[in-house]
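Chemist: Kindly return the folded structure for what I paste below:
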Amino acid sequence: MDILKFAVRKLFGGIPLILGVTFISFLLMVYYGPDLTWEKLGKNPTQQDIIDVRHELGYDQSFAKRYGSYLKQLVTMDFGNSQMTDKKVSSILKETMPVSLHLIIPGFILGNVIAIALALFAAYHRGSWVDKLIMTGSVVGMSISFLIVIIAFQLLFCSSYGLDLFPVRGWEVYNPEGNIIWSQYFKYVTVPTLATVFVALGYNTRFYRAVLVEEMTKDHVRTAKAFGHKPASLLFKSILKNAMVPITTRIMFSIPLVVVSGSLLIESYFGIPGVGKITYDAIVAGDQNILKAIVGLTAVLFVVVLLLTDILYRVFDPRVELK
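Modeler: Down below sits the predicted model:
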């Protein structure tokens, strides 16, 4: 019951964040976004044609009324039709979100699990050649552009210049009934996953190692060592468990960014029809209905992540109070 009350308070407390993000993004789209009037008009339009098109697009309404309509769309999850395809935005998101999740989840999970394992190993052997080797690899991973990594992995694994093991582009992983064909799925997801893990390991390993090294200097760890605790028990019970609050924070707050920005680059490069691909196409074409939906839902996702993060704090550390 306490968790339910906390969740309700947290969701209501996230409303100012949603309003702030949506207001700023909508302001930028209205005053600095593309004007689609001329794209919908033919040659030599009359003044009445211009007025009709601007009325159809809603450009003749006041800013307050347009922003109010946007908030109503966000509440009802009805963002109208795409200005590129004239298809309902809600239907487009329903089709593309599973694709992005299937694409991103393997790399996201592996990137964090492997990074935590490497960070534990490096922190335990702090100052040794093992630690230096892991940290050097992390710096290399952080120094290389994500786009460069994607191109390099594609050349290595997908082209005739390399191993030519996986498809170059596309996402043909579903049968006519919409179910995943797992053999096809692993073919198409492998290279994007490897690229995601390669880049994520650099940033994640350095952060997790710093957190774990700080935890290793605490008094309770020194006491556990003095009482002869085995390394495995020391690492997982005394160090990792107590370091889960900052680790959880990083993992949870990276979810919205990974879903939007990470999938945008991978999907646009590999031609995968997910949320990132339609976001990229909407930016290029100036499709404000899709962009408003993506920005609004991302803000809502941040609020949900804030809620889940606070609840997970309590799971890993019972001393944390839900306020």
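
Chemist: now residue 81, which residues is it bridged with?
Modeler: residue 88 (DSSP bridges).

Chemist: wait, doesn't it sit right on residue 88?
Modeler: Yes: counting by Cβ atoms under 8 Å, residue 88 is a contact partner of residue 81 at 5.7 Å. The C-beta positions use only the backbone N, C-alpha and C, and glycine is treated the same way.

Chemist: what's the domain layout of the protein?
Modeler: As assigned by automatic domain parsing, the chain contains the domains 2-76, 95-285.

Chemist: my guess is residue 125 contacts residue 135, does it?
Modeler: No: at 11.0 Å, residue 125 does not count as touching residue 135 under the criterion of Cβ under 8 Å.

Chemist: More neighbours: which of these two?
Modeler: More crowded of residue 125 and residue 135, by other Cβ atoms under 10 Å: residue 135, with 17 against 14.

Chemist: In contact with the more buried one, which residues?
Modeler: 122, 205, 206, 209 (Cβ atoms under 8 Å, 6 or more residues apart in numbering).

Chemist: How about residue 243?
Modeler: Counting by Cβ under 8 Å, 6+ apart, residue 243 touches 208, 211, 212, 214, 215.

Chemist: Next, the buried residues of the helix or strand containing residue 54.
Modeler: For residue 54, the enclosing helix or strand under DSSP states H and E is helix 47-57. By neighbour count with 16 or more other Cβ atoms under 10 Å, helix 47-57 contains the buried residues 53, 54.

Chemist: do the same with stretch 143-156
Modeler: Within stretch 143-156, the residues scored as buried using 16+ other Cβ under 10 Å are 146, 149, 150, 153, 154.

Chemist: Reformat those residues as TSV; add secondary structure and distance to residue 256.
Modeler: Below are the buried residues of stretch 143-156 laid out as TSV (DSSP: H, G, I helix; E, B strand; the rest coil; distance: Cβ to Cβ, whole Å):
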residue	secondary structure	distance to residue 256
146	helix	17
149	helix	22
150	helix	21
153	helix	25
154	helix	26
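
Chemist: Name the helix or strand for residue 229, please.
Modeler: Counting by DSSP H and E, residue 229 is part of no helix or strand.

Chemist: I'd like to know how many residues surround the residue lying closest to it once chain neighbours are set aside.
Modeler: Closest residue in space to residue 229, ignoring its immediate chain neighbours: residue 238 at 6.9 Å, by Cβ to Cβ, 6 or more residues apart in numbering. By other Cβ under 10 Å, 20 other residues sit near residue 238.

Chemist: what's the helix or strand hosting residue 148 packed up against?
Modeler: Per DSSP H and E, residue 148 falls inside helix 146-157. Judged by 3 or more Cβ pairs under 8 Å, 6 or more residues apart in numbering; DSSP states H and E, the packing partners of helix 146-157 are helix 182-216, helix 263-270.

Chemist: which outside residues touch that helix?
Modeler: So helix 146-157 is contacted by 161-166, 168, 190-192, 194-195, 198-199, 262, 265-266, 269-270 (Cβ under 8 Å, 6+ apart).

Chemist: between that helix and helix 182-216, how big is the angle?
Modeler: Angle between the axes of helix 146-157 and helix 182-216 is 130 degrees (criterion: axes from the mean of the first three to the mean of the last three Cα atoms, to 10 degrees).

Chemist: any idea how far helix 146-157 is from the chain center?
Modeler: On the basis of Cα atoms, centre = their mean, to the nearest Å, helix 146-157 sits 20 Å off its chain's mean C-alpha point.

Chemist: Check stretch 305-319 too.
Modeler: Offset of stretch 305-319 from its chain centre (Cα atoms, centre = their mean): 20 Å.

Chemist: Could you pull out the buried residues of it?
Modeler: For stretch 305-319, burial by neighbour count (16+ other Cβ under 10 Å) applies to 305, 306, 307, 309, 310, 312, 313.

Chemist: Just the ones of the residues you listed in strands?
Modeler: Judged by DSSP state E, strands contain none of the buried residues of stretch 305-319.

Chemist: what about stretch 27-37, how long is it end to end?
Modeler: For stretch 27-37, the first-to-last residue distance is 18 Å (Cα to Cα, to the nearest Å).

Chemist: Go ahead and name everything in contact with that stretch.
Modeler: By Cβ under 8 Å, 6+ apart, the list of residues contacting stretch 27-37 from outside reads 50, 53, 54, 57, 59, 63, 66, 83, 286, 288, 291, 292.

Chemist: show me what contacts the fifth one?
Modeler: Counting by Cβ under 8 Å, 6+ apart, residue 59 touches 35, 37.

Chemist: Mind doing that once more with 7 Å?
Modeler: Contacts for residue 59 (Cβ atoms under 7 Å, 6 or more residues apart in numbering) come out as residue 37.
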